[in-house]
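Asker: got a predicted structure plus its sequence, pasted below:
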Amino acid sequence: MKRIMKSLLLVIPALIGAWMIGNATIAQEPFSEDTVIAMVAEDPLFAKGLENYPGWWALAFDSGNRYGIWQVEFYDADGNDLGWANVSPLNGRIYSWESYLSVDDKTREEAYPIVRDFVVNSPEVLSLLEAPDQYEIYIDYEPWSKVWGAYINVGGVDSIWVAVDYDDDFNFINPRIAQIHFEGVDSYEEWFAANEDRAKSIAFEDAVVMEAVRGVVGWTSTVSRSEDQDNVWIVTFEAAGETLITVHIDLNSETVIEIITEE
């Protein structure tokens, strides 16, 4: 019995130790704030942009979670936010970040012909524009999404922003179109409000409408979309709960196509 107890006393601590190792949090190394800040600052996500901010500074702290994650925050010399990162000093990986930095002029100039040439010859872009190289094109880097962007200034709502993704953002390896954004495509709410304003303006400029509301105190107007006519908007002018006049506006031609007066 004594021999069995002695064996158990030797085995149990080993089993407990193995269990603790298997269920413990990821081992924490004694990293310093300066070490972690330098690790993130040297990453291409931040390195290129920080060069443009002399006197930048940073704060860092260990979150204390089981994954060994540190938070690093960057500021310019005046204390304005430049971005942040969640990093594991143990494996050097940045898991999440936001960066409000851009690249310097030299880097942008070096990237210009490379990014531009890829964009103007891209099948995705050529399917939208027959000759994209005839337009002014502006290039910039978006560190928050890790893409190079090319703005093709076609003019007004026809201009487009092309986001180009690379396996290596600064050696320009394996380019591909990530997204294409279209100028002037707003949210539904913004689009509706803009069309409401256009319809009201066109309706009120009509002489018949002006005469119908002349001298009427407290008149109001409401706008709705026609359910059976393309881009036709209906403007109704009311006062004291009564309809004064209803106007149908074709926003494609920006003209009044029907006026209904109340007898």
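Answerer: Thanks, I have the structure now. Since the structure is predicted, the reported quantities are computational estimates derived from the model, not experimental observations. Residues are numbered from 1 along each chain as shown.
Asker: can you give the domain ranges for the chain?
Answerer: 33-99, 105-182, 188-261 (automatic domain parsing).
Asker: using a markdown table, please lay out those together with mean pLDDT and mean neighbour count.
Answerer: C-beta coordinates here come from the backbone N, C-alpha and C atoms, glycine included. Output for those, formatted as a markdown table (pLDDT from 0 to 100; neighbours: other Cβ atoms under 10 Å):
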| stretch | mean pLDDT | mean neighbour count |
| --- | --- | --- |
| domain 33-99 | 93 | 16 |
| domain 105-182 | 93 | 15 |
| domain 188-261 | 92 | 14 |
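Asker: ok, which stretches of the protein are helices?
Answerer: Per DSSP state H, the chain carries helices over the ranges 2-23, 33-41, 44-50, 105-120, 123-126, 188-204, 207-213.
Asker: residue 59: which of those is closest?
Answerer: helix 33-41 (7.7 Å; Cβ to Cβ).
Asker: which residues sit against that closest one?
Answerer: Residues outside helix 33-41 that contact it (Cβ atoms under 8 Å, 6 or more residues apart in numbering) are 46-47, 50, 58-61, 70, 72, 74, 85, 87, 89, 92, 94.
Asker: now stretch 220-232
Answerer: 195-196, 199-200, 203-204, 233-239, 248-252, 257.
Asker: surely residue 87 meets residue 68?
Answerer: No - the pair residue 87 and residue 68 does not pass the contact test of Cβ atoms under 8 Å, sitting 9.4 Å apart.
Asker: could you measure residue 228 against residue 199, distance?
Answerer: Using Cβ to Cβ, to the nearest Å, residue 228 is found at 17 Å from residue 199.
Asker: actually residue 83, not the one I typed
Answerer: For residue 83 relative to residue 199 (Cβ to Cβ), the value is 43 Å.
Asker: just residue 224 next, same as before
Answerer: 9 Å.
Asker: overlap in contacts, these two.
Answerer: Joint contacts of residue 224 and residue 199 (Cβ under 8 Å, 6+ apart) are 233, 234.
Asker: re the thing from before, show me the one of the helices of the chain that comes nearest residue 153.
Answerer: Using Cβ to Cβ, the nearest of the helices of the chain to residue 153 is helix 105-120, at 12.6 Å.
Asker: what is the closest one packed up against?
Answerer: Contacting helix 105-120 under the criterion 3 or more Cβ pairs under 8 Å, 6 or more residues apart in numbering; DSSP states H and E are the following elements: strand 136-142, strand 147-153, strand 160-165.
Asker: still on that earlier bit, and the contacts of helix 33-41, which two are the farthest apart?
Answerer: 47 and 61 (21.4 Å).
Asker: got CSV for the helices and strands packed on helix 105-120, with distance to residue 130 too?
Answerer: Shown next, in CSV, are the helices and strands packed on helix 105-120 (distance: least, Cβ to Cβ, whole Å):
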stretch, distance to residue 130
strand 136-142, 15
strand 147-153, 12
strand 160-165, 13
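Asker: closest to residue 210 out of those strands?
Answerer: Among the helices and strands packed on helix 105-120, the nearest to residue 210 by Cβ to Cβ is strand 147-153 (39.7 Å).
Asker: state the paired neighbours of the closest one in the sheet, together with their directions.
Answerer: When pairing is defined by DSSP bridges, strand 147-153 lines up against strand 136-142 (antiparallel), strand 160-165 (antiparallel).
Asker: from the chain's centroid, how far away is the last one?
Answerer: Spelled out, that is strand 160-165. 12 Å (Cα atoms, centre = their mean, to the nearest Å).
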